[in-house]
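Asks: Predicted model follows, preceded by the sequence.
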Amino acid sequence: MKHTISILVENHPGVLSRISGLFARRSFNIESLAVGVTDDSTISRITIVVDGNDYTVEQVEKQLNKLIDVIKLKTLTPSETISRELMLVKVSANSSDRGDIINIVKVMDAKICDITRTTMTIEASQTTENLDNMLEILKPYGIREVVRTGTIAAQKGSDTITAKK
Amino acid sequence: MMNVAQAMTKCLELEGVKDIFGYPGAAICPFYDALISSTIRHILVRHEQNAAHAASGYARATGKPAVCVATSGPGATNLITGIATAYSDSIPMVVITGQVSTELLGRDVFQEADITGSAEPFVKHSYLVKNPREIPRIFKEAFYIAGSGRPGPVLIDIPVDVQKAEIDFEYPKTVDIRGYKPSIKGHPLQIKRVAEAIKLAKKPIICAGGGVFATDAKSVLVEFAEKYDIPVVTTMMGIGCIPSKHPLHFGMLGTHGKKVANLAINESDLLILIGARVGDRAVTTPGVLEKRTKIIHIDVDPAEIGKNMDAQIPLVGDAKVILGQIIKSLDETDKHTEWIFRLNELKSQEKIVDGTDGINPKRFLQLLSSKADENCIVVGDVGQNQIWTANHFEIKKGRFVTTGGMGTMGYSVGAAIGAKTAKPKKQVFAICGDGSFQMQMMELGTICQHDIPVKIIIMKNNRLGMVRELQKNLYHNNLTAVFLDGSPNFVTIASAYGIKSKSINRLDQEEEAINEMLQCDGPYLLECVINPDEPTL
């Protein structure tokens, strides 16, 4: 079972290594990890997707909370969460395939950001599942390279995860 | 204006630090230079690891964060075992290390080691200071973090150029760390649930751990146990939180504990864990126990609750405060006469089997504790000696200090040095084996140089006794690498340092030797030659 945890941390050097070290030494599996600064430049937001049962997720939360650099965290409920991942995928595309690929890109609400005589590079921002689907569909054309950012997520509605002022 | 090194000593003084343990080197020289004009006493150890153990002993004796210092590179890495020991025993400690110059960081220069990186799994928090102006804030935070919530070691790594930088010094009065707000008070709703559970219980038991000392909850624990007539067992870290001979005390539980203590938690209908983390040596079958009995888990660290055993009633907060809350909200309950009678019955079946006229370490430790001061501090090392001391040295008003979590051999002499430095008027004993003693023998120099009159007792069996027993029982008696042939004559070693010492091997010598040791003003080393076949339990 996959769980998405959103974490606000101090924007210091070394914080990421503390978090990834914690996962490694306690045998928690990270599916993906994305980090970026928030509107407050002293705070970064990390989105981690963890694979594990309820016990694991509870332990992950509690152990993360023990880190002094962790300001706040929340495990997001899938039904109440918007999650996205950015992917760049380079596919083989000769002139006869281009039309098909453009159609797939349109259907998937993606875009083509680079094109050569033999390849096309597609940019897509989707849920992880949709990106997996898209890769499946593009496979027959020949996938040359895939770059993914890992999931980022926010709650639906007006709720936010913010540090107390 | 002052330089950072001066600011560091100033911070320590303002935190009330009187003694520190350390070992200098190039990258920490500015700090040592500033130390000359400070009020702080520096105790030069003979190996950095023992500086950390000494700080651990000091912290346990005072209840406040203690300080150890080392230089960069090997000085810092030598501290790691001591830091890890303190971390696993939840001991408040501030560790200061020198580091190579900021502009050289990451270039693998002489005596450079990434100590914040390598100690990361074993610290509560750490700092690599690059901005000299942050020193006062960092020191203030470090002491606060080390000593509050669940205590632990905090590391401050300071490059040598930063130590030399000039700053304006102002020590912050308060700390505000947005990611660190430990819970103190127990949730009122949970307190109510606990009170209900205690009222209903017919066979309740308290299992008290090191958290009782960390929160200075000894007397309130005894009050709590007496008010509700609940028997108490302890973990190794909890030994002494209730006097050994208290009628409600039934010993240490666990793989090396008392039978009655283990039976007690297995037969109980309510288990109240107080500042105990359900370590595998204490509770061997948490899965069975959580199905059989109702569990209340009181701990300041929420991550410990539910980690190794499910608790029906989790209660996060400071043990002293929480026990106070319960005592206030719940009147006396029915006595548990039948239950306690049953436990006493089990207890009375335990006897030391002993017909020897040699030295039986268990009986010897009972004799020693009967002659020692009531409030003495006894430090157990690791191995058979630790279990013997844990189970047989009677704690009255004093302390039993040992490393229950990490189980670090070579802990006792360093920790005893620390405890004696903190409490010079108290008797302090280090009880070790001939294996563990040889891991820390060099500290006899520290004892002499700084005139720290600790009493060292070596249980000499020329074996690594605990491992030997393990090999005997689980590895078909294939004894290997457990014989300590080649050990020196410890009495000669002691006399080379000018330390009084004696070796005994007969029952009829025990009393006189103990008297001589206790009457000696200076340090003393007593070697007890014991039977190598003496079992741990």
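Replies: Looks like it came in fine.
Asks: Going by C-alpha atoms from here, please, whenever you check contacts or count neighbours.
Replies: Will do.
Asks: Taking the stretch 151-300 of chain B, what residue is nearest to chain A?
Replies: Going by Cα to the nearest Cα, chain A is nearest to residue B:179 of the stretch 151-300 of chain B, at 3.9 Å.
Asks: Give me the nearest residue to that residue, chain neighbours excluded.
Replies: Once flanking residues are discounted, residue B:179 sits nearest to residue A:71: 3.9 Å by Cα to Cα, 6 or more residues apart in numbering or on different chains.
Asks: ok, then the element right after the strand or helix carrying that neighbour?
Replies: Under the criterion of DSSP states H and E, residue A:71 resides in strand A:70-76. Using DSSP H and E, the helix or strand that follows strand A:70-76 towards the C-terminus is strand A:81-92.
Asks: can you pull the buried residues of the helix or strand following that following strand?
Replies: Next in sequence after strand A:81-92, counting helices and strands by DSSP H and E, comes helix A:95-107. Across helix A:95-107, burial judged by 16 or more other Cα atoms under 10 Å in any protein chain shown covers A:98, A:101, A:102, A:104, A:105.
Asks: where along chain A do the helices fall?
Replies: A:15-25, A:54-66, A:95-107, A:128-138 (DSSP state H).
Asks: Just name the most buried of those.
Replies: Among the helices of chain A, helix A:54-66 has the highest mean neighbour count (mean count of other Cα atoms under 10 Å in any protein chain shown), at a mean of 18.
Asks: So it, near chain B or not?
Replies: Yes. Contact of helix A:54-66 with chain B (Cα under 8 Å from any Cα of the partner chain) involves A:59, A:62, A:63, A:65, A:66.
Asks: so where's the chain shaky on pLDDT?
Replies: Picked chain A for this. By pLDDT under 70, the low-scoring segments of chain A are A:165.
Asks: Correction: the question concerned chain B.
Replies: B:352-354.
Asks: what about 50?
Replies: Under the criterion pLDDT under 50, no range of chain B is flagged.
Asks: what separates stretch A:33-40 from the chain centre, distance-wise?
Replies: Relative to its chain's centre, stretch A:33-40 lies at 12 Å (Cα atoms, centre = their mean, to the nearest Å).
Asks: Buried residues, it. List them.
Replies: So, applying 16+ other Cα under 10 Å, buried residues of stretch A:33-40: A:33, A:34, A:35.
Asks: And stretch B:317-326, by the same measure?
Replies: In terms of neighbour count (16+ other Cα under 10 Å), stretch B:317-326 has its buried residues at B:317, B:318, B:319, B:320, B:321, B:322, B:323, B:324, B:325, B:326.
Asks: check contacts around the last one.
Replies: Remark: with contacts taken as Cα atoms under 8 Å, 6 or more residues apart in numbering or on different chains, residue B:326 is in contact with B:191, B:194, B:195.
Asks: quick check, nearest of these to residue B:487?
Replies: Top of the list for closeness to residue B:487, among the contacts of residue B:326 and by Cα to Cα, is residue B:194 at 54.4 Å.
Asks: Using the three-state scheme, assign the closest one.
Replies: Here residue B:194 is recorded as helix under DSSP: H, G, I helix; E, B strand; the rest coil.
Asks: Hmm, residue B:296 and it touching each other?
Replies: Yes. Using Cα atoms under 8 Å, residue B:194 is in contact with residue B:296, at 7.1 Å.
Asks: since we're on the residue in chain A positioned nearest to chain B, how many residues are nearby?
Replies: Chain B sits closest to residue A:71 of chain A, with a gap of 3.9 Å, by Cα to the nearest Cα. By other Cα atoms under 10 Å in any protein chain shown, 24 other residues sit near residue A:71.
Asks: Residues of chain B that sit close to chain A?
Replies: Residues of chain B lying close to chain A (Cα under 8 Å from any Cα) are B:120, B:121, B:124, B:125, B:177, B:178, B:179, B:180, B:302, B:303, B:307.
Asks: wait, what's in contact with the fourth one?
Replies: Right, residue B:125. Contacts of residue B:125 (Cα under 8 Å, 6+ apart): A:67, A:68, B:142, B:145, B:153, B:154, B:155.
Asks: please redo it, this time with the cut-off set to 7 Å
Replies: The neighbours of residue B:125, taking Cα atoms under 7 Å, 6 or more residues apart in numbering or on different chains as the test, are A:68, B:154, B:155.
Asks: quick one: contacts for the second one?
Replies: Applying Cα under 7 Å, 6+ apart, we find residue B:154 in contact with B:93, B:94, B:95, B:123, B:124, B:125, B:126, B:142, B:146.
Asks: I'd like the residues you listed as JSON lines, with secondary structure appended.
Replies: Putting the contacts of residue B:154 into JSON lines (three-state DSSP) gives the following:
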{"residue": "B:93", "secondary structure": "strand"}
{"residue": "B:94", "secondary structure": "strand"}
{"residue": "B:95", "secondary structure": "strand"}
{"residue": "B:123", "secondary structure": "coil"}
{"residue": "B:124", "secondary structure": "coil"}
{"residue": "B:125", "secondary structure": "strand"}
{"residue": "B:126", "secondary structure": "strand"}
{"residue": "B:142", "secondary structure": "helix"}
{"residue": "B:146", "secondary structure": "helix"}
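Asks: Identify, from the residues you listed, the entry nearest to chain A.
Replies: Ranked by distance to chain A (Cα to the nearest Cα), the contacts of residue B:154 are led by residue B:125 at 6.7 Å.
Asks: Up against chain B, what does chain A have?
Replies: A:59, A:62, A:63, A:68, A:69, A:70, A:71, A:72 (Cα under 7 Å from any Cα of the partner chain).
Asks: again, 6 Å this time
Replies: Residues of chain A lying close to chain B by Cα under 6 Å from any Cα of the partner chain are A:62, A:68, A:69, A:70, A:71.
Asks: tell me the two of those that are most distant?
Replies: With Cα to Cα as the measure, no two of the residues of chain A next to chain B lie farther apart than A:62 and A:69, at 13.4 Å.
Asks: what about the residue lying closest to residue B:286 once chain neighbours are set aside, how many residues close to it?
Replies: Leaving aside its sequence neighbours, residue B:286 sits nearest to residue B:309 (Cα to Cα, 6+ apart; 5.4 Å). Residue B:309: 20 surrounding residues under other Cα under 10 Å.
Asks: Over to residue A:164?
Replies: The number of residues packed near residue A:164 is 7, by other Cα under 10 Å.
Asks: now swap in residue B:519 and tell me
Replies: 10.
Asks: Relative to residue B:466, how far out is it?
Replies: Residue B:519 sits at a distance of 32 Å from residue B:466 (criterion: Cα to Cα, to the nearest Å).
Asks: Does residue B:82 lie in a helix or a strand, and which?
Replies: Counting by DSSP H and E, residue B:82 is part of helix B:74-88.
Asks: no no, residue B:408
Replies: Here residue B:408 is assigned to no helix or strand, by DSSP H and E.
Asks: how near is it to chain A?
Replies: Separation of residue B:408 from chain A (Cα to the nearest Cα, to the nearest Å): 20 Å.
Asks: returning to that earlier point: return the subset of the contacts of residue B:125 lying in strands.
Replies: Counting by DSSP state E, the part of these found in strands is B:154, B:155.
Asks: Which secondary structure state is assigned to residue B:495?
Replies: Under three-state DSSP, residue B:495 comes out as helix.
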